[in-house]
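K.L.:
need a structure here:
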Amino acid sequence: VAFVVCRSLEGLKTFSYLEELILDNNLLGNDLLLPRLPHLHTLTLNKNQISFQRNICKILLDHLAEVVPSLQYLSLLGNMACPNELICKEKDEDDYQRYRYFVLHKLTNLKFLDTRKVTRREREEALVRGAFMKVVKPK
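P.N.:
Now for the predicted structure:
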C-alpha cells in the first residue's frame, strides 16, 4: 500500500459525480480549492493544516458552500480550526461549540460535523448567531 501526499486537487474536476472524498493527512491549508462537485455529500479533511486565521477560514467555508452544495457530512478533526480541549489546554467545549455554530452558519445543509450529528437547536442557534461565533480569546 502506498500513501501519496496530495499537492493539487485539479484532477478532481473530471469526477463531477463524486459523492465521497477523504483528504485526511494531506497538509492541505486554508487555500484549499476544490472544483465544483455538485454530488459530493461527504468530505473529510482531518489532520490537515486548516486554521481560523483572520477571515481565511470564512473564505474556505464560503468556497465549500459554493462548490459542494450537496455537502451533508464534513469533518475537520485534527486541524487548528477545530478546537480540541484534549490537545490544547487553552480550548474547551465552549470553543468547540462556537466553532460548530460558525461552520453550520456557513454550511447550512450539514447533517453531521466531525463526529456529531447536527441538532435542530444547533441549526437554529447557527442561523441566529453563527456569524458572530468566530471568537478569539485574549492571550
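
K.L.:
When you work out contacts or count neighbours from here on, use the C-alpha atoms and nothing else.
P.N.:
OK.

K.L.:
I'd guessed Leu113 sits against Ser75; true?
P.N.:
Yes: contact between Leu113 and Ser75 holds when scored by C-alpha atoms under 8 Å: they sit 5.7 Å apart.

K.L.:
Helices along this protein, start to end?
P.N.:
In the chain, the helices defined using DSSP state H lie at 56-67, 93-106, 120-129.

K.L.:
any idea which of those helices is most buried?
P.N.:
Greatest average neighbour count among those goes to helix 93-106 (a mean of 20), per mean count of other C-alpha atoms under 10 Å.

K.L.:
Show me what that helix packs onto, helices and strands only.
P.N.:
For helix 93-106, the packing partners by 3 or more C-alpha pairs under 8 Å, 6 or more residues apart in numbering; DSSP states H and E come out as helix 56-67, helix 120-129.

K.L.:
Apply 6 Å and report the result again.
P.N.:
helix 120-129 (3 or more C-alpha pairs under 6 Å, 6 or more residues apart in numbering; DSSP states H and E).

K.L.:
how many degrees apart are the helix it packs on and helix 93-106 in direction?
P.N.:
If you take axes from the mean of the first three to the mean of the last three C-alpha atoms, to 10 degrees, helix 120-129 sits at 70 degrees to helix 93-106.

K.L.:
CA atoms of helix 120-129 as PDB?
P.N.:
Provided in PDB are the C-alpha atoms of helix 120-129 (Å, rounded to 0.1, in the frame of the first residue of the first chain):
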ATOM      1  CA  ARG A 120     -32.200  21.200  15.500                       C
ATOM      2  CA  ARG A 121     -31.200  23.500  18.300                       C
ATOM      3  CA  GLU A 122     -27.600  23.900  16.900                       C
ATOM      4  CA  ARG A 123     -29.000  24.700  13.500                       C
ATOM      5  CA  GLU A 124     -31.300  27.400  15.000                       C
ATOM      6  CA  GLU A 125     -28.500  28.900  17.000                       C
ATOM      7  CA  ALA A 126     -26.200  28.900  14.000                       C
ATOM      8  CA  LEU A 127     -28.800  30.800  11.900                       C
ATOM      9  CA  VAL A 128     -29.200  33.500  14.600                       C
ATOM     10  CA  ARG A 129     -25.700  33.900  16.000                       C
END
